[in-house]
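A.B. asks: Quick one, fold the following:
(2 chains)
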Amino acid sequence: MLSTTSTEESIKGIHYAYFPDTIVLRRYQEGQYFFQDSLLSVAGNFRYFSESTPLGDDWYQVFSYRKEILSGYSNPFYNATLSRSLGAFYIVLDNLDFLSKNFTTLQGFYYTWSTDAKGRVINAVAPDGSYVKYTYK
Amino acid sequence: MDNVSIRLYLIDILNHDKVIATFKQTSFQISYFYITAQITVNKLIVSLIAFTLLFACNKSSTPKPDPTPTPVTPVPVIPIVPASLVTSYSMLIGVSNSMTSDTIRYDEKNNIQSITHKYVNNLGPDQTLDSGTYYFTINSTGTRPSGYRVVYKKYYYTRRKRKSCFNI
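C.D. replies: Numbering: from 1, shown residues only, chains lettered A, B, ... in the order given. Here you go, the predicted structure:
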C-alpha cells in the first residue's frame, strides 16, 4: 500500500494498493471516493486501465482502454523500483509507463519502430500519421 | 520356484501312471495346471524381455529420419540494451491531432528530479494547452521519491497556475 496526502483542497489523498497483477488506485475527495482506477498488468506489463466513479450504491465506469505488448523491444521507461511503487502514478497522472518491462502501445495502433545503433527505440510511425519519439541521456 | 515346480511335476507324473487313488489324480491335475500356468507366465516374461531388447536394439541401431520435418521459425535475437534514461518523449495522435510531450530531468544518481508535461489538443475549433511540472523529493535511500510538488495549468483556467504538494 502506497498513499499520498495532498495540500490541494479537492484531493485529500491517493491510495495505491498493489496486488500480484492488479493495482488499484483510490482518489479521495473530502472523505469520499472520487475515482477508483484499476490497472491490470500481466507478466509485468501494463495491459488494461479502467476508471470508475461512484453512482449511487454502484460504480459507473468513466472510461477504459487496453494496451498491446510489443515483446520485441524493452520499455526504456522501465525501472524495477518504480514499477512496484510509483509506476502506477506515472501512468494515471502523466501517461508514462514506468511499470512495463516491454513496450506497450494503445490497442489498435500499429507502429513501425526504428532503433538506434544501441538497439534503443528512437521513434515509431503509424499509418494514420501518429508517431512517437524518444531521446536519451 | 521352477525347480520345485518341475520336481512336483515329475512326482505327479509317476503317481499318475500308478493311478493309486483319486486323491492323487486330483493332486496331479492341480499340480499340472499350476505348472502349465507357471510355464506360460515364464514364457510370457521371456517373450516380453526379448521383445523389449529387440525393440531397443532396433531404435538405437537404425535411427530413421523424420519423413516430414517441420520448418523451425527463427527466433529473433534481442540484444541486451544497457539501461538508458529517457530525457524526452513526444507522441502525436493522428485521429485527435493531439500532441503530448514530456521532458524528464535526473539528478546525479539518476533519480527522477522532475517531469514536465505538455498536452496540446487541436481537436475542435480552438487549440488548447495543458501543462505542468512534477518536482520530486528524493529520499535518502534513493529507492523512490518521498513526495512531489506539482505546478500546473489547465487550458480552462482563467487565472494563474495551481500548485499542490503530495507526500508519499
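A.B. asks: max-length helix in chain A?
C.D. replies: The residue-count maximum for a helix in chain A (DSSP state H) belongs to helix A:87-94.
A.B. asks: Report the buried residues of the following helix or strand past it.
C.D. replies: Sequence order places strand A:102-106 as the next helix or strand after helix A:87-94, per DSSP states H and E. By 16 or more other Cβ atoms under 10 Å in any protein chain shown, the buried positions in strand A:102-106 come out as A:Asn102, A:Phe103, A:Thr104, A:Thr105. C-betas here are computed from N, CA, C, even on glycine.
A.B. asks: same check, this time on stretch B:128-138
C.D. replies: Buried-residue list, stretch B:128-138, by 16+ other Cβ under 10 Å: B:Asp130, B:Ser131, B:Gly132, B:Thr133, B:Tyr134, B:Tyr135, B:Phe136, B:Ile138.
A.B. asks: can I get the buried residues of strand A:102-106 in CSV with distance to chain B?
C.D. replies: CSV is the format used below for the buried residues of strand A:102-106 (distance: Cβ to the nearest Cβ, whole Å):
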residue, distance to chain B
A:Asn102, 10
A:Phe103, 11
A:Thr104, 13
A:Thr105, 10
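A.B. asks: Among the residues you listed, which one sits closest to B:Phe166?
C.D. replies: Nearest to B:Phe166 among the buried residues of strand A:102-106 is A:Thr104, at 25.6 Å by Cβ to Cβ.
A.B. asks: Mind checking which of the buried residues of stretch B:128-138 land in strands?
C.D. replies: With DSSP state E as the criterion, strands contain B:Asp130, B:Ser131, B:Gly132, B:Thr133, B:Tyr134, B:Tyr135, B:Phe136, B:Ile138 from among the buried residues of stretch B:128-138.
A.B. asks: and which of the residues you listed is nearest to chain A?
C.D. replies: Distance to chain A, by Cβ to the nearest Cβ, is smallest for B:Tyr134 among these, at 7.2 Å.
A.B. asks: where's A:Val121 relative to chain B, distance?
C.D. replies: Using Cβ to the nearest Cβ, to the nearest Å, A:Val121 is found at 9 Å from chain B.
A.B. asks: Averaging pLDDT per element, find the lowest-scoring helix or strand in chain A.
C.D. replies: Across the helices and strands of chain A, mean pLDDT, DSSP states H and E gives its lowest value to strand A:2-6, namely a mean of 63.
A.B. asks: Is the residue lying farthest from the centre of chain A part of a helix or strand, or is it coil?
C.D. replies: Ranking residues of chain A by C-alpha distance from their mean position (Cα atoms, centre = their mean) puts A:Ala117 at the top, at 28.2 Å. Three-state call for A:Ala117 (DSSP: H, G, I helix; E, B strand; the rest coil): coil.
A.B. asks: mind checking pLDDT for it?
C.D. replies: We have a pLDDT of 88 for A:Ala117.
A.B. asks: Wondering if stretch B:115-130 reaches chain A at all.
C.D. replies: Yes: residues of stretch B:115-130 contacting chain A under Cβ under 8 Å from any Cβ of the partner chain: B:Ile115, B:His117.
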